[in-house]
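*Asks:* Show me the folded form of this:
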Amino acid sequence: MLDINHYVERINYSGIVYFGDRINLSTITEYPVLLKNPKLNEFLKNMAIQNISSVCVSADNLLIPMRENDTTTEELYTQKGKTNRL
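*Replies:* Numbering: from 1, shown residues only. Here you go, the predicted structure:
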């Protein structure tokens, strides 16, 4: 007999690589253009509820929540010890 409880939950261990800069929510004031967005406070509240402490700021100033195993291209190059980028 097959035990279906053994196959209940799948876990994805791979992270996503984002193009942009990682910032902590506490240092968001370093990007004055983001502070002009009227929805920023709502976004920060939702991030706190989800217990996410960092975001990726994309080239067009979009905020993308980052999970623990996510990274940015800059961090990826640093991890691999490379200095040349695409």
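*Asks:* Sort out which residues of stretch 43-54 are buried, please.
*Replies:* For stretch 43-54, burial by neighbour count (16 or more other C-beta atoms under 10 Å) applies to 43, 47, 54. Backbone N, C-alpha and C define where each C-beta goes, glycine included.
*Asks:* what's the offset of that stretch from the middle of its chain?
*Replies:* The gap between the average C-alpha position of stretch 43-54 and the chain average comes to 11 Å, counting by C-alpha atoms, centre = their mean, to the nearest Å.
*Asks:* I'd like to know the average pLDDT value across it.
*Replies:* Per-region confidence: stretch 43-54 scores 89 on mean pLDDT.
*Asks:* got the contact list for that stretch?
*Replies:* The contact list for stretch 43-54, computed with C-beta atoms under 8 Å, 6 or more residues apart in numbering, reads 22-25, 28, 37, 55, 63, 65-67.
*Asks:* how about the CA coordinates for it, as CSV?
*Replies:* Output of stretch 43-54 as CSV, limited to C-alpha atoms (Å, rounded to 0.1, in the frame of the first residue of the first chain):
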residue,chain,number,x,y,z
PHE,A,43,4.3,47.7,1.0
LEU,A,44,6.5,47.9,4.1
LYS,A,45,3.7,46.7,6.3
ASN,A,46,3.1,43.7,4.1
MET,A,47,6.8,42.9,4.1
ALA,A,48,6.9,43.0,7.9
ILE,A,49,3.9,40.7,8.1
GLN,A,50,5.6,38.2,5.8
ASN,A,51,8.9,38.5,7.8
ILE,A,52,10.9,39.6,4.7
SER,A,53,13.7,41.9,5.5
SER,A,54,15.3,42.7,2.2
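*Asks:* low pLDDT regions in this structure?
*Replies:* Counting by pLDDT under 70, the low-confidence segments of the chain come to 1-13, 82-86.
*Asks:* hang on, the earlier thing: highest neighbour count among the contacts of stretch 43-54?
*Replies:* Of those, residue 55 is surrounded by the most neighbours, 24 neighbours in total, counting by other C-beta atoms under 10 Å.
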